[in-house]
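S.K.: Starting from these lines, generate the structure:
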Amino acid sequence: METFTIDPRCWRLARLVGRNPLLRRTDRLEALVLLVALIASLFLIPATAVVGAEVFDARDRQYAAQAQARHPVTATVTGATHSPNSEGIVVQVRWPAAAGERTGSFRHSAPLNVGQGVEIWVDRDGNLARPPTPRWHAGVDAVVTSVLIVLTCGVAMALVVGSVRSRLDRARDAAWERDIRCLQDDGGRTNRY
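M.R.: Down below sits the predicted model:
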């Protein structure tokens, strides 16, 4: 039966202050880089939450302003043309506005008959506008922004740690080769006296 023990002396971060005589400067430097990456990751989490909250607030205000500035009206279809290069039908419509009657056109997926009523969105000036973005999109925008920040920073930290480890591995291998060659040249003795 094997026992499972947690020994902090075996952790990579313990190399930073370990007393093992086989630990080299490169081992300690590698442990320091891992510690810095771990601390940066821990600070990244609340920073990302703050950025996500700011994105949510900004987008929520933007979408609320859109909902306040736009409203639906019923327009009358005055004509429709099918565009051969694109999907959908271009519909010409007429609708009442505060400054008089307005006309415009928009792309619609289904054919409409002349004289038929269709609901459109207009802004405060009575100009044709897109429907307001639902406010729940602010939460989606905040989550997507936070996830992208975490992924980007995580990949950047992994690349830095991997690059440093690669260079330290090469330096460590060169030091071991030098020490082994020194042992071979001296007949296995570590000192010449």
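S.K.: C-alpha from now on. contacts and neighbour counts both.
M.R.: OK.
S.K.: So the residue nearest the centre of the chain, which state does it fall into?
M.R.: The centre of the chain sits closest to residue 148, judged by Cα atoms, centre = their mean, with a distance of 0.7 Å. In three-state terms, and counting by DSSP: H, G, I helix; E, B strand; the rest coil, residue 148 is helix.
S.K.: from the chain's centre, how far out does the helix or strand in which residue 34 is found sit?
M.R.: Using DSSP states H and E, residue 34 maps to helix 25-69. For helix 25-69, the separation from the chain centroid amounts to 10 Å (computed by Cα atoms, centre = their mean, to the nearest Å).
S.K.: before we move on, what about stretch 97-105?
M.R.: With Cα atoms, centre = their mean, you get 42 Å for stretch 97-105.
S.K.: can you pull the buried residues of that stretch?
M.R.: 103, 105 (16 or more other Cα atoms under 10 Å).
S.K.: ditto for stretch 82-96
M.R.: 88-95.
S.K.: Please list the residues outside it that contact it.
M.R.: Here stretch 82-96 makes contact (Cα atoms under 8 Å, 6 or more residues apart in numbering) with 73-81, 101-112.
S.K.: Filter these down to the ones in strands?
M.R.: Those of these mapping onto strands are 73-81, 101-108, per DSSP state E.
S.K.: Write a PyMOL command that selects only the buried members of those residues.
M.R.: Listed next is the PyMOL selection for buried residues among those, using 16+ other Cα under 10 Å:
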select buried, resi 73+75+76+77+78+79+80+103+105+107
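S.K.: how is the protein carved up into domains?
M.R.: In terms of domains, the chain is parsed into 9-64+136-185, 71-129 (source: automatic domain parsing).
S.K.: number of nearby residues for residue 169?
M.R.: 15 (other Cα atoms under 10 Å).
S.K.: So for it, what pLDDT did the model give?
M.R.: Note for residue 169: predicted pLDDT of 91.
S.K.: before we move on, what about residue 154?
M.R.: 94.
S.K.: any idea how far residue 153 is from the nearest residue to it once chain neighbours are set aside?
M.R.: Distances taken as Cα to Cα, 6 or more residues apart in numbering put residue 41 closest to residue 154, at 7.6 Å, once the chain neighbours are dropped. Residue 41 sits at a distance of 8 Å from residue 153 (criterion: Cα to Cα, to the nearest Å).
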